[in-house]
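**Student:** what's the 3D shape of this:
(chains A and B)
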Amino acid sequence: MSIDWTALGQVTAVSVGVTIAVVVVFALGVLGLARFEGAREDGGGGTSTIGIAQAGLCFLACAAVVAYGIYLIVPQFH
Amino acid sequence: MDHITFLVAVVIVTALAFDFTNGFHDTANAMATSIATGALKPRTAVLISGVLNVVGAFLSTEVAKTISGGIVDDTLVSPGMIFAGLVGAILWNLLTWLVGLPSSSSHALFGGLIGAVWVGAGSHGVHADKVVEKILIPAVASPVVAGVAALIATYLAYKLTARARKDSVTKGFRLGQIASASLVSLAHGTNDAQKTMGVITLTLISAGALGHDAGPPVWVIASAGLAIGLGTYIGGWRIIRTMGKGLTEIQSPQGFAAETASTTVILTSAHLGFALSTTQVASGSILGAGLGRKLAEVRWGIAGRMVAAWLITLPAAALVGGISASAVKHGGNFGTVVVALVGAAVAAGIVLLSRRNPVSAHNVNDHHEVPVRTAAPTSVGTAA
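**Tutor:** Below is the predicted model of the structure:
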């Protein structure tokens, strides 16, 4: 019996790293969205563009990760 | 189709029945947290999950080449043993569903097969070292890894968004949950439907209906995909309640973190060739997400029962599989029919028991417990 500690360690490191990265980036996107919605209600225009840009950028990054996930799931793409 | 004997036909039907229980047992893995946080309506959630499971079944070309991945000696496995193993797996899946416990369908299948082969071919047919390597280690490691990932991610998500508008945050993470839950469903379809396809294909090969190294015929892919999709759509509401409400009260940032953790753990380990249980990964993620939010209550009693169910899944399914295998071995076709009838009767009994206290799309979020007995004895007098 051989336990592949390297592979186990890889799974751990990659899983934890990717999860944290995706959730943090998504949280930043949500933060931008919240800022945009908050500014829109207050009537101010200045921070709202930065907010929506931040949200768009972050969600785009998450979408890229999702696309990569689908690529990994579907064997026809390999 | 001369090669399809009575036994082979029974095995195919039983395999599809297992696939169905696999589907409704595992709906919770992808959708429980989305349903609990209101990201998706219960009916919509199971529909999306069901469709994605069917899609996943068709996408997956890497159909299991071995029945068990080397856990049992495949050359010793007969259709009768496969049948006995499947019966053990189905009954265990139904029993854990009745009490609302998320247990691993893969472990139930492996357990049933181990028991059946042990009795049918002797203990040398079971590879103990493979059991440790392929089942025990991933079973311990994967929920812990998913839990740690979800815990840190949840903590950071709350920390980052602490001062932002509450409703924007909730709404944003709910939208994200739809994507993350869908990915879990798709990954599930590509993994779990192909197990059943593998079982049916190998049975057909052993019966001579298909050539060696033949891939699964289209009808096998279609029926396995539909069985798991239909099971998913019917929805194991009892398990969805336990995972979405029972372990901890889930909010949308936690749900997103948990589903992201589940997806990454499932995908990275599949990529590196680890077989693991989607159920255990998803449960680990939810517990981690519960711990990551301050003041979130984790119900350790339910978590403990869940872990206990994981521990006995394999031996319990093995026991039923072994008993069924001895009936099939000594009773031939007659024994097979008896096992099938007894199995169907027990399954019907479990379904009837669940009717006493049904959990459905309408009341899945109302409570966090899944009682088996009716909780309100006061209504007995008026009913009579």
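
**Student:** Which other helices and strands does the helix ranked longest in chain A contact?
**Tutor:** If you go by DSSP state H, chain A has its longest helix at helix A:5-42. Applying 3 or more C-beta pairs under 8 Å, 6 or more residues apart in numbering or on different chains; DSSP states H and E, one finds that helix A:5-42 contacts helix A:46-73, helix B:137-161, helix B:166-206, helix B:252-271. Any C-beta I mention is one placed from the backbone N, CA and C, and that applies to glycine too.

**Student:** Just the buried positions in the last one, please.
**Tutor:** By 16 or more other C-beta atoms under 10 Å in any protein chain shown, the buried positions in helix B:252-271 come out as B:252-270.

**Student:** near chain A too, which of those residues?
**Tutor:** B:253, B:256, B:257, B:260, B:261, B:263, B:264, B:265, B:267, B:268, B:269, B:270 (C-beta under 8 Å from any C-beta of the partner chain).

**Student:** Can you list the low-confidence ranges for the chain?
**Tutor:** Unless you meant another one, I'm taking chain A. A:1-3, A:43-47 (pLDDT under 70).

**Student:** Wait, chain B was what I had in mind.
**Tutor:** In chain B (pLDDT under 70), the answer is B:1-3, B:60-69, B:273, B:275, B:373-384.

**Student:** Longest helix in it, by number of residues?
**Tutor:** Longest helix in chain B, counting by DSSP H: helix B:300-355.

**Student:** Which other helices and strands does that one contact?
**Tutor:** helix B:6-37, helix B:79-98, helix B:105-121, helix B:278-292.

**Student:** TSV please, covering those and showing mean neighbour count and distance to residue B:372.
**Tutor:** What follows is the helices and strands packed on helix B:300-355, written out as TSV (neighbours: other C-beta atoms under 10 Å in any protein chain shown; distance: least, C-beta to C-beta, whole Å):
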stretch	mean neighbour count	distance to residue B:372
helix B:6-37	26	17
helix B:79-98	28	6
helix B:105-121	28	19
helix B:278-292	28	20
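
**Student:** Make JSON lines out of those and add distance to residue B:149.
**Tutor:** JSON lines is the format used below for the helices and strands packed on helix B:300-355 (distance: least, C-beta to C-beta, whole Å):
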{"stretch": "helix B:6-37", "distance to residue B:149": "15"}
{"stretch": "helix B:79-98", "distance to residue B:149": "25"}
{"stretch": "helix B:105-121", "distance to residue B:149": "21"}
{"stretch": "helix B:278-292", "distance to residue B:149": "7"}
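
**Student:** Put together TSV for those helices, with distance to chain A on each row.
**Tutor:** Output for the helices and strands packed on helix B:300-355, formatted as TSV (distance: least, C-beta to the nearest C-beta, whole Å):
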stretch	distance to chain A
helix B:6-37	13
helix B:79-98	23
helix B:105-121	16
helix B:278-292	9
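
**Student:** before we move on, back to that, same question for the longest helix of chain A: list its buried residues.
**Tutor:** Buried residues in helix A:5-42, counting neighbours by 16+ other C-beta under 10 Å, are found at A:8, A:10-12, A:14-16, A:18-39.

**Student:** What distance separates the opening and closing residues of stretch B:352-362?
**Tutor:** One end of stretch B:352-362 to the other measures 19 Å (C-alpha to C-alpha, to the nearest Å).
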